Every structure is written in C-alpha cells, then in structure tokens.
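*Asks:* Curious how this folds, go ahead:
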Amino acid sequence: MYFPDLTPYEYYVEEGEPPALNIGWLDAEHEFTKETPPLGFLDRLRLLSRTRVKQMRGFEVCPFCPELHSLLTSGNWTEQDQALYHSCFEDGRFSSAEIRVMGLNGRIYASPVMILHHVEAHDYLPPKEFVDAVMQTAP
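*Replies:* Sure thing, here's the model as predicted:
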C-alpha cells in the first residue's frame, strides 16, 4: 500500500483522532530515498516499533522481498517455511499494525510497522523531519 511521505494520513482515521502525516508507506512502483540513516536511528525506531496502534486482521507483505510472496502462495510448508513466516511478523517484513512518532514541532507521523524493515533491509531513508523526530526520542 503506497502513500507519499508527508501527505495527510487518511488510511484508517478514527473519529476524534488528531491529524498525522504518512511516512514509509512504500511500494515497488514508486522510488524512494536510499541512504544509510544516522547512527542510533535504527535502535530508536526499533523501540518505537514496539508500541503498535491500529492492529489489523490482515497484513501487508514487503513489496521488495519476492521470496515472501512465493512463500505465501506455495501449498506445502516445511518447518523452515513456518519459522520464516513467524519471523516475518517479528522483523517487520509482514506488517499488520502501525506506529506513531511525535515530532517536537507538534506533528504526528503515521507509519506501518514495516518501516523498520524498509530502513534496515532496503536502505529507505525517511524525510529529515521524521528522522529528527525519531532521534529526539529517548534511546
């Protein structure tokens, strides 16, 4: 599911929810900035990713990991396939929830949990204001 970075979040807005901006809703059809994040960014993002919101029943699959798509369409799973399936939820390759990051500027950023995987495995570098917001959180 794709939404451009820093556009208004409109995916699943609940009544009375404060406005937020999209970050990290990537797909294979749209380019994104690839760069190594600042030191400490991944650790802080990993901590923020533990507090999940908007848990859904279904899940999104990383669009940049084709082996996961073939896993989901194969009929005969080995124990190794089952272990891979479960690990994908832990490391963010499958995403069924979102995170929120509060910026000091008062903005709220809405991201899929998969953002951690996008940064770690695919070198996605979110916009500077989001990186700054993450870096300003306690480690």
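
*Asks:* three-state assignment of the residue with the largest distance to the centre of the chain?
*Replies:* Farthest-out residue of the chain from its mean C-alpha position, per CA atoms, centre = their mean: residue 76, at 28.9 Å. Following DSSP: H, G, I helix; E, B strand; the rest coil, we place residue 76 in the coil state.

*Asks:* ok, which stretches of this structure are helices?
*Replies:* Counting by DSSP state H, the chain has helices at residues 41-48, 66-73, 79-91, 115-122, 128-135.

*Asks:* relative to helix 41-48, how tilted is the last one?
*Replies:* Between the direction of helix 128-135 and that of helix 41-48, the angle (axes from the mean of the first three to the mean of the last three CA atoms, to 10 degrees) works out to 70 degrees.

*Asks:* Give me whichever of the helices of the chain is most buried.
*Replies:* Of all the helices of the chain, helix 115-122 carries the top mean neighbour count, a mean of 20, counting by mean count of other CB atoms under 10 Å. The way it works is simple: take the backbone N, C-alpha and C, and place the C-beta from them, glycine included.

*Asks:* Taking helix 41-48 as reference, get the angle to that helix.
*Replies:* 150 degrees.

*Asks:* before we move on, the earlier item: can you pull the pLDDT of the residue farthest from the centre of the chain?
*Replies:* Note on residue 76: pLDDT of 72.
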